[in-house]
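Q: Structural data only, the sequence is not supplied:
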């Protein structure tokens, strides 16, 4: 990592969960398209890309560009069977301020707690770091009590276990 000289790649150390030993040394290309095309360029290979987020406003141009795919690649967009209007509420608040502010996580916990008490439904909270996840989890345990069904990746279970529980 210290001697990595390719400016087209990002290098980092992965320590996994908090207080754990080094689990991986990772190199990630800034642009995946060229590397992906080298891996998949054999003529006998067929590749299917599938994701809920391949299209941007119904268009795959951004994904094609990032993956290094030409416009001749066949595509099929299938509508989701998920009833977003009935089953999903997206909450975005600018009132919490900067995420580095010491009051950010307690404020976020107050929003999540209020949503929980109002809806009494399951929810998924996406965060940008494991540090924030641990802090929010601690705040919510204090606010909701230890008996609340609160799942947190790397705290209450690992990713695969959580995914299996939520499906």
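A: Structure's in. What do you need? The model shown is predicted, which means the values in this text are computed figures rather than measured ones.

Q: how deep is residue 120 tucked in, by neighbour count?
A: 7 (other CB atoms under 10 Å). Placement of C-beta: from N, CA and C, glycine included.

Q: Give me the next element, helix or strand, following the helix or strand of the chain with the lowest mean pLDDT.
A: Here the helix or strand of the chain ranked lowest by mean pLDDT, DSSP states H and E is helix 32-40, holding a mean of 77. Of the helices and strands lying after helix 32-40 in sequence (DSSP states H and E), the nearest is helix 61-67.

Q: List the residues that contact the closest residue to residue 24 other than its chain neighbours.
A: The shortest distance from residue 24 to any non-neighbouring residue, by CB to CB, 6 or more residues apart in numbering, is to residue 14 (4.2 Å). Contact analysis of residue 14 by CB atoms under 8 Å, 6 or more residues apart in numbering lists 22-26.

Q: Pull the number of nearby residues for the residue nearest to residue 153 when sequence neighbours are not counted.
A: Of all residues not flanking residue 153 in the chain, residue 159 sits nearest, at 5.4 Å (CB to CB, 6+ apart). Close neighbours of residue 159, defined as other CB under 10 Å, add up to 9.

Q: swap in the one 4 residues further on?
A: Neighbourhood size, residue 163 [other CB under 10 Å]: 11.

Q: what is the rounded mean pLDDT of whichever strand or helix holds it?
A: Residue 163 is part of helix 159-166 when elements are defined by DSSP H and E. Helix 159-166 shows a mean pLDDT of 82.

Q: Is residue 157 in contact with residue 151, as I believe?
A: Yes. At 6.5 Å, residue 157 counts as touching residue 151 under the criterion of CB atoms under 8 Å.

Q: what sits in contact with each of those two?
A: Common neighbours of residue 157 and residue 151 (CB under 8 Å, 6+ apart) are residue 165.

Q: Next, the residue nearest to residue 24: phi, psi?
A: phi -110, psi 120 (degrees, to the nearest 10).

Q: what's the pLDDT at it?
A: 80.

Q: what about it, distance to residue 20?
A: 10 Å (CB to CB, to the nearest Å).

Q: And the helices in this protein?
A: Per DSSP state H, the chain carries helices over the ranges 32-40, 61-67, 84-87, 104-119, 130-144, 159-166.

Q: for the ones you listed, which one sits closest to residue 5?
A: Closest approach to residue 5 among the helices of the chain is made by helix 32-40 (16.8 Å; CB to CB).
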